[in-house]
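1. structure, please.
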Amino acid sequence: MQKRVLAGVAAAAAIAVPVTVAVAAAKPAEAPAAHPLRKLSTPSASAQAARPHTPLTPSPTPSSPAAARPIRSSVRSKPTPKRPTHPRATTPATFDHINWSGYTWNVRGTGGNPSSPGPNYWDNTSNTISVLPNGDLQMRIWYDGHHWRTGELDNWNALGYGTYKWVVDSDMSHQDLNTVLGLFTFDGGGSAPFAENDIEFSRWGNPSYAAAAFTVQPGGSGQQGYVQDVPATAPYTCSFTWLPGKISFRMTDAKDNVLGSYTSTTGVQAPGNAVPIINFWLFGSAPHTGSTQTVDIHSFSFSPDR
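-> As a prediction, the model looks like this:
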């Protein structure tokens, strides 16, 4: 469930420190032409940083009713701080947008100011967001000596009804317990504010929780489906088909095994100005392992409803 606000979750004062050296970011590839779909106005950095997010009270995992997804308003304990051993010495490139997978994407950056969900310190540099030589989008969570940095891309285009598809190249079977990979659509100004359609990889800090979830959030009251475990058979194709009054989610692996599916006909919003978004962030103040986290996404594609 991508609930852009982790309401009441206080960012811990003490911060864990990475024990691994983050690999230097690849230089963003030469920018292709922006996708010909209707272009939205680019939100300002301040608007992105302040974008609200309505919390969601989760449903229990079907295979483990007692292992309910965490209430976002719960207070998290502070991790034990560690001394940084390998500070980053390179000067990264900074940008407000990139071209990737045939689309133009805003790169969210909040500087030294944390913002929801999380809150997190969203970073718009090549230390966090880069396009690899093979065309994959790489996103990182890393420690800059003061804060853990996280990343988000917001598509410029509202795409409407149709099928939204992301292909994740990284093995998600042993994802860090405190990280969240969100693949979703979001409309902050629709008839039901902050409505989302989410595919999220996360165990929300608890190994007994489901590894991934499908969520419909009409203004904060969500319906959910779950993927209890994700096998080590990447890449994973994650998609939803959004039609009037109906949305259907699906996740498959490299062997075309269906890992999970879910259909909702309740609370499904019209697309309005909803745009596709990808983010990689922390639930809590630091990764559970205390080390840099990386995820590679092969592609994003959209097929309009005919």
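
2. for this protein, what's the longest strand?
-> strand 293-304 (DSSP state E).

3. ok, G145 - how many residues close by?
-> G145 has 9 neighbours, counted by other Cβ atoms under 10 Å. C-beta coordinates here come from the backbone N, C-alpha and C atoms, glycine included.

4. okay, it: pLDDT?
-> Reported pLDDT at G145 in the predicted model: 95.

5. returning to what we had before: contact partners of the longest strand of the chain?
-> Applying Cβ atoms under 8 Å, 6 or more residues apart in numbering, the set of residues contacting strand 293-304 from outside is 23, 100-103, 132, 135-142, 155, 159-170, 172, 176, 179, 181, 235, 276, 278, 280, 287.

6. cool, and stretch 199-206?
-> Outside of stretch 199-206, the residues within contact range by Cβ under 8 Å, 6+ apart are 1-2, 67, 69-70, 76, 166, 168, 172, 175, 177-184, 209-215, 230, 238, 240, 249, 251, 283-284, 288.

7. of the residues you listed, which belong to strands?
-> 67, 166, 168, 179-184, 212-215, 238, 240, 249, 251.

8. any weak-confidence spans in the stretch 201-306 of the chain?
-> Across the stretch 201-306 of the chain, the stretches falling below the confidence threshold (pLDDT under 70) are 219-222.

9. return the residues in contact with the closest residue in space to A211 that isn't next to it in sequence.
-> With Cβ to Cβ, 6 or more residues apart in numbering as the measure, V230 is the residue that lies nearest to A211, at 4.5 Å, once sequence neighbours are left out. When the contact criterion is Cβ under 8 Å, 6+ apart, the partners of V230 are 172-173, 175, 201, 211-212, 236, 259.

10. residue contacts, the spatially closest residue to T94 that is not a sequence neighbour?
-> With Cβ to Cβ, 6+ apart as the measure, T125 is the residue that lies nearest to T94, at 5.0 Å, once sequence neighbours are left out. By Cβ under 8 Å, 6+ apart, T125 lies in contact with 25, 92-95, 109.

11. make it 7 Å
-> Under the criterion of Cβ atoms under 7 Å, 6 or more residues apart in numbering, the neighbours of T125 are 92-94.

12. ranking those residues by neighbours, who comes first?
-> Counting by other Cβ under 10 Å, P92 has the largest number of neighbours within these, with 18 neighbours.

13. pLDDT score for that one?
-> Model confidence at P92, given as pLDDT, is 86.

14. related to what we said a few turns ago, counting neighbours, which of the contacts of V230 comes out on top?
-> Y236 (27 neighbours).

15. is it true that that one touches S170?
-> No. Y236 sits out of contact with S170 when judged by Cβ atoms under 7 Å, with a separation of 8.7 Å.

16. give me the pLDDT for A22.
-> The model reports A22 with a pLDDT of 37.

17. right, I mislabeled it, should have said Q2
-> As predicted, Q2 sits at a pLDDT of 42.

18. how about the one 10 residues further on?
-> As predicted, A12 sits at a pLDDT of 31.

19. filter the contacts of stretch 199-206 down to the buried ones and hand me the PyMOL line.
-> In PyMOL, this line selects whichever of the contacts of stretch 199-206 come out buried by 16 or more other Cβ atoms under 10 Å:
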select buried, resi 1+2+67+69+70+76+166+168+172+175+177+178+179+180+181+182+183+184+209+210+211+212+213+214+215+230+238+240+249+251+283+284+288
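
20. can you give me the helices for the stretch 201-306 of the chain?
-> Using DSSP state H, counting those that start in this stretch, no helices are found in the stretch 201-306 of the chain.

21. tell me where the stretch 1-150 of the chain is predicted with low confidence.
-> The low-confidence ranges in the stretch 1-150 of the chain, as defined by pLDDT under 70, are 1-90.

22. hmm, 90 instead?
-> 1-92, 95 (pLDDT under 90).

23. still on that earlier bit, now restrict the contacts of strand 293-304 to buried residues only.
-> Applying 16+ other Cβ under 10 Å to the contacts of strand 293-304 flags 100-101, 103, 136-142, 155, 159-160, 162-170, 172, 176, 179, 181, 235, 276, 278, 280, 287 as buried.

24. returning to that earlier point: which one of the contacts of T125 is nearest to T150?
-> The shortest separation between T150 and any of those is 14.5 Å, and it belongs to P92 (by Cβ to Cβ).

25. what about the closest one, distance to W100?
-> P92 sits 17 Å away from W100, taking Cβ to Cβ, to the nearest Å as the criterion.

26. same question for H147.
-> Distance, H147 to W100, using Cβ to Cβ: 25 Å.

27. ditto for Q224
-> Looking at Q224 against W100, where the rule is Cβ to Cβ, the gap reads 29 Å.
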